[in-house]
Structures are given as structure tokens and as C-alpha cells.
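**Q** Here you go, sequence then predicted model.
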Amino acid sequence: MQLHRLLQAALLLSISSVRAELAQAEHGMVASVHTLATEAGVNALKNGGNAIDAAVAVALTLGVVDGHNSGIGGGCFMLIHLANGKVVALDGREMAPATATRDMFVRNGKGDTNLSQTGSLASGVPGALAVYAQAVEKYGRKPLAALLLPAAQIAEDGFPIDFVYARKLTATADKLRQFESPKAIFFKTDGSVLAKGEVLKQADLAKSYRAIAKDGADWFYKGEYAKAVAAWMKANGGMLTEADFSGYTVKQREPFSTTYRGFEVIGLPPPSSGGVHVAEILNILENFDLKGATAPGARHHLMAEAMKLAFADRAYWLGDPDFVNVPRGLVDKGYAKGLAARINPDHTTPVPSHGLPPDAETKLFEKHTTHFSTVDAEGNWVACTATVNTAFGSKVIVPGTGIFLNDEMDDFSIEPGVPNAFKLVGAEANAVAPKKRPLSSMSPTLVLKDGKPILALGAAGGPTIISQTVLNLIAVLDLGQPLDEALGQPRIHQQWQPDQVRIEKAMPADIREALKQHGHEFFEENTFGASQAVGLAPDGKGFIGASDPRTSGKAAGF
């Protein structure tokens, strides 16, 4: 298999100083952003579960130990390759309340992002738990309760928070103080937040997990939790109701794929913009010899220009396909070739607006974050990305529940041209509407060769999810890097608006200088994003996995 030969050759090459730890195992593999979550996934596999059970065990544990990123108060996209060859795409994206209005965040004629990011108006109906329950019921082997109870025990006993959790608490402290429940959980008697290494106990969250284990997801969507949220929202100016919760449904979408260098790349359709634009960027870049672009900055320039073109399309065309027309032509190879022809290999090219894909009106798609990947020896693979959006979501915990509610309403275009928390702008396609699902950058991705899965990957980090996924795919499929090196490479990101390249400070000086010479303006950051991946071992026997070295995550198997 070509990928295996590439990986074996790459293992012999010199590597960068920033590199993930590569895990290897025979029977299954799990990669996530937190050691305890990875261990929960491995335990599910060891105790008779499959990759779907392992993924749900990871997700539920992350809701305890990584709650600033994800939890059952948020949403997810799950992409599953079953052992029988079927690929399933589950859309657990949040839904706007039934009483949501187009201008609900407009005050004095201007969109107010404070309202869409914090407090009672910021949350959509959570969909993550509905996906987890459906996934294990239809495709797993373990009951949901068996995956909830170990996570509940961690919540009750507590765990020492890592440097990422501590940093997020410090950065978000002023907003968390606005609400009584977070103050009681995350703040010490002197008014400061918990620090790295201090133990976080979440008794209310443990109680909620145990209630779901006893009564099923109905406790959340049709029972006590829905009632508690509705009462709190009514008292605090929110819109979510019991009917919103009871009316939530998981959408089983039709996964779509593109080809790249002889591989099949499978992603989620809208409202995931990630799947569409990972494919669009790859289709553009397939017109260039990336492996042969060895001059300093040459490859990075091409990648940044392709990202810019795709994000311009994202801003105009993408939205919930149940509400707006999303052209399938965005992933058309001919359209990508035309976009590629606009790229000047020697200098940046202005992109004033979106492109016009073929058959834009007729050929349509059907109507802060964490990623984790799992695989088992039977041939089940899972790539899942989950989120509550920005750190700790809306900052709201309905008293007595321990569950952070998301702030996914900020992923709508609250007003055309008004940037959201990630500086993304949008158009009418992503405007707020009742029961609509906001656009997402989440990009769980599967790669197949000769019809067989060889890689499951994805990322966290807002719009950089798309660019991270592309960079990782190019590193493995074009350049032959092993997973641990691919995830550790210095990153770039270009999202059209603002028209600048985000770049990690670890990027070599010659590449930074070359990007300047090509006309790029860039903004340097220490690091951004977090990627997780599992794949076939280089010799085709067993599995490998890697967790982003920018986090305290872990890949492990058995």
C-alpha cells in the first residue's frame, strides 16, 4: 500500500524537534486531547466494546476532564466507517430555538457578539448526547450507562486539572463570575480560579451523568434537564424551551468524498463547512506538485492561497442545507482547477469575493472544540469532533446540573459582515433562523486506499480545524511524514478575512521570510489548534496513533 511505503520511508528521515509521541498497538487505537479520556476509550475496547463504544467513552470523559472544549451541553459531528464498509455521518449540531429571529442579537442597529457568546441567548439545543446515544444503540456493543458511569466517577472523585484547563479558567474567569454555578465549582474561597494541578470535583455533573445512565437520553431531552433549562431560560431572558429539547433530532447525513493523489477522502456535508472546504482546498492543491515545491515557503504559499480561495466561498455559500442552497459544485474538480489557475506561485493574489461553482442553483447538498479518533481490529473507524464553541461555551451552568451550555448561536452570522469569536464573517446563507443549525468548521475525516480505511483524523481550533486537517493530510499523503511528525509540524492558516496568514512561531525563519517576499502579511502565535489521528501501522499490521504535542493529550491502544 502506497501510504505504508511512504510512512516507512519517512521514519528514516530526520524529524523536527516538535513531535508527538507515536503509539502502536495490535487490536485498537484511541487518540484524544486528554490522557483520562484516551484511557476510557482503551478500556471500552478492552472490555468488549468496539471503536464506536470507545469514541463515546472518550466523548463522555472529555465532558468531565476537558469541559472547556466539549460536553453534553454542546454538539458534535461523528463519522463512522463500519466493519461492513458502510460509512455513517451523524450530525449532532446544535439547533436554534424555535423562537429565534434573524435579528435577535442586533442592538441599536448593530450585531452584539456579547449576546451571542455569553449568557441566556447564546445557546442552541445541544445535540452531542443524542448522537452518542444513537451511535452506541445502533452500532456499538456497550450500553450507554456502561460508558457514562466511569466518567461520572471521575467527576465525583475529581482530577488534577492540566495546564490547558488552568489557562482557560484564568482567561475566562471574569465571564464565569457572572453566573453562580460556575463560581461554586471553579473558584476558590479567595476568589481565584483553580490552578494547574489542583483537583476539580464536579458533583452535580456526576449526578447528571448517573441520571442519564439510569433513565437514558430522555432525561436530558424530555425529562428533568429539559425542564430545568427551560425554567432557567424563562427567568433569565433566554429562548430555549422544553419543546426545543424534545424536538431535537440527529440528522443522518450522506457522507461525501473526493479523491486526492489516488486516495479517497471522506468528510461531513453541510452544515459542516469543514468537509466541503477540506475537499475544496485539496482539489485546488492537487493541481500543484507540492512534494516538488522545495524552495523555502513555496509550498506554504500555495497552501495559504488555496485556503484563502476556499474560505471566501465558505463566507458566502455555506449554511444549513435544510434552509439554504449549498452548491455541490464547490467540490467539483473542474471548479477547483479554475481556482488553482488564479494562484500566482510567486506572489499573493487578491480575492475580493467568492467564486461561482458550476450548477450553483441546481446541484445541491441535501437538505472551542475537541477531536478524537478511534479504530478497532474488526474494521470500525471513528472520527468525531465535538464542541461547546468558545471556552466553557455560554458560561452558563443551569444550577444543579453541572453541564455547561454551548454558545453555538455565535456560529451564525448574527449580522452580515460582523465577525464572530473566530473573526469569521458570513452572509445570509448562515443567518439565524428558528430550528436552523449554524455553520461549523468541524472536519472529522476518513482516508481510504483501495476501498479500505487507513486514517481517521480531525482537529480542534475554530476555523483552523480546516487548515490543520489539510496540513496533516498533505504531510502524510504528499510528503510521506509519519503521524507524529505530521501533527507536530509548524502550522499556517488563512481564512480570507482578515486577509493575513496566521503562523506559529516555530515556523523556520527562511519560510517566514519567503512568505513575506511572496506578499503575505502574517500574525504570529505561539501555537494554535489541536489534532488527533489514528491510522494503519506502516507494515499494515495493527495501528498507530498520535495526539497533538501542543496539548497534554495521548494516543494509546492495546
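**A** Perfect, thanks for sending it.

**Q** What mean pLDDT does stretch 156-164 get?
**A** The pLDDT scores in stretch 156-164 average 96.

**Q** what's the span of it, first residue to last?
**A** 21 Å (CA to CA, to the nearest Å).

**Q** what comes into contact with it?
**A** Residues from elsewhere that reach stretch 156-164 (CB atoms under 8 Å, 6 or more residues apart in numbering): 33-34, 36, 64-66, 68, 169, 194-203, 206, 551-552. From N, CA and C alone the C-beta is placed, and that goes for glycine too.

**Q** With stretch 95-104 instead?
**A** With contact meaning CB under 8 Å, 6+ apart, stretch 95-104 is reached by 115, 121, 124-125, 127, 239-241, 243-244, 247-248, 409, 412, 414-415, 431-438.

**Q** CA atoms only: put it into CSV for me.
**A** Below are the C-alpha coordinates for stretch 95-104, written out as CSV (Å, rounded to 0.1, in the frame of the first residue of the first chain):
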residue,chain,number,x,y,z
MET,A,95,-30.3,23.9,16.7
ALA,A,96,-31.5,27.4,17.2
PRO,A,97,-34.6,27.8,19.4
ALA,A,98,-38.0,27.7,17.7
THR,A,99,-38.5,31.4,18.7
ALA,A,100,-35.1,32.5,17.4
THR,A,101,-35.2,35.5,15.0
ARG,A,102,-32.9,36.9,12.3
ASP,A,103,-32.1,40.0,14.3
MET,A,104,-32.1,38.6,17.8
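
**Q** Only the buried residues of that stretch, if you could.
**A** Residues Met95, Ala96, Pro97, Ala100, Met104 are the ones in stretch 95-104 that count as buried (16 or more other CB atoms under 10 Å).

**Q** and Ala54, that's in a helix?
**A** Yes. Counting by DSSP: H, G, I helix; E, B strand; the rest coil, Ala54 is part of a helix.

**Q** Test my guess that it contacts Ser373.
**A** No. Using CB atoms under 8 Å, Ala54 is not in contact with Ser373; the gap is 9.8 Å.

**Q** okay, and the common contacts of these two?
**A** Counting by CB under 8 Å, 6+ apart, the contacts common to Ala54 and Ser373 are Val30, Val382.

**Q** In helices only, show me the contacts of stretch 156-164.
**A** Those of the contacts of stretch 156-164 mapping onto helices are Leu36, Val64, Val65, Leu169, Ala203, Ala206, per DSSP state H.

**Q** how about the first one, what does it touch?
**A** Taking CB under 8 Å, 6+ apart as the criterion, Leu36 is in contact with Thr61, Val64, Val65, Ile154, Phe159.

**Q** how far away is it from Gly119?
**A** As judged by CB to CB, to the nearest Å, Leu36 and Gly119 stand 30 Å apart.

**Q** circling back to that earlier point, which of the ones in helices among the contacts of stretch 156-164 has the most neighbours?
**A** Each of the ones in helices among the contacts of stretch 156-164 was scored by neighbours using other CB atoms under 10 Å; the highest score is Val64's, at 27 neighbours.

**Q** Name the nearest residue to Val30, ignoring sequence neighbours.
**A** Using CB to CB, 6 or more residues apart in numbering and skipping residues adjacent in sequence, the residue nearest Val30 is Gly41, 3.6 Å away.

**Q** Make sure that neighbour is indeed in a helix.
**A** Yes. Counting by three-state DSSP, Gly41 is part of a helix.

**Q** Next, count neighbours for it.
**A** Gly41 has 32 neighbouring residues, counting by other CB under 10 Å.

**Q** is it true that it touches Met29?
**A** No. Counting by CB under 8 Å, Gly41 does not reach Met29; the two are 9.1 Å apart.

**Q** Please enumerate the shared neighbours of those two.
**A** By CB under 8 Å, 6+ apart, Gly41 and Met29 have these common neighbours: Thr374.

**Q** Tabulate the CA atom coordinates of the lengthiest helix in the chain in CSV.
**A** Taking DSSP H as the criterion, the chain has its longest helix at helix 298-317. Below are the C-alpha coordinates for helix 298-317, written out as CSV (Å, rounded to 0.1, in the frame of the first residue of the first chain):
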residue,chain,number,x,y,z
ALA,A,298,6.9,27.7,-1.9
ARG,A,299,4.5,25.0,-0.5
HIS,A,300,3.3,27.2,2.3
HIS,A,301,2.4,30.0,-0.1
LEU,A,302,0.4,27.7,-2.3
MET,A,303,-1.5,26.2,0.7
ALA,A,304,-2.3,29.7,2.1
GLU,A,305,-3.6,30.9,-1.3
ALA,A,306,-5.8,27.8,-1.7
MET,A,307,-7.2,28.3,1.9
LYS,A,308,-8.0,31.9,1.1
LEU,A,309,-10.0,31.0,-2.0
ALA,A,310,-11.9,28.3,-0.2
PHE,A,311,-12.7,30.5,2.9
ALA,A,312,-14.1,33.2,0.6
ASP,A,313,-16.5,30.6,-0.8
ARG,A,314,-17.3,29.5,2.8
ALA,A,315,-18.3,33.0,3.8
TYR,A,316,-20.9,33.3,1.0
TRP,A,317,-22.2,29.9,0.1
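
**Q** Show me the helices in the stretch 251-400 of the chain, by range?
**A** 273-285, 298-317, 333-341 (DSSP state H, counting those that start in this stretch).

**Q** Let me know which of those helices is tucked in deepest.
**A** helix 273-285 (a mean of 28; mean count of other CB atoms under 10 Å).

**Q** the inter-axis angle of that one versus helix 333-341?
**A** Angle, helix 273-285 to helix 333-341, by axes from the mean of the first three to the mean of the last three CA atoms, to 10 degrees: 70 degrees.

**Q** and the angle for helix 273-285 with helix 298-317?
**A** Using the same axes, to 10 degrees: helix 273-285 against helix 298-317 is 130 degrees.

**Q** Quick check: which helices or strands does helix 273-285 pack against?
**A** Applying 3 or more CB pairs under 8 Å, 6 or more residues apart in numbering; DSSP states H and E, one finds that helix 273-285 makes contact with strand 256-260, strand 263-267, helix 298-317, helix 333-341, helix 464-473.
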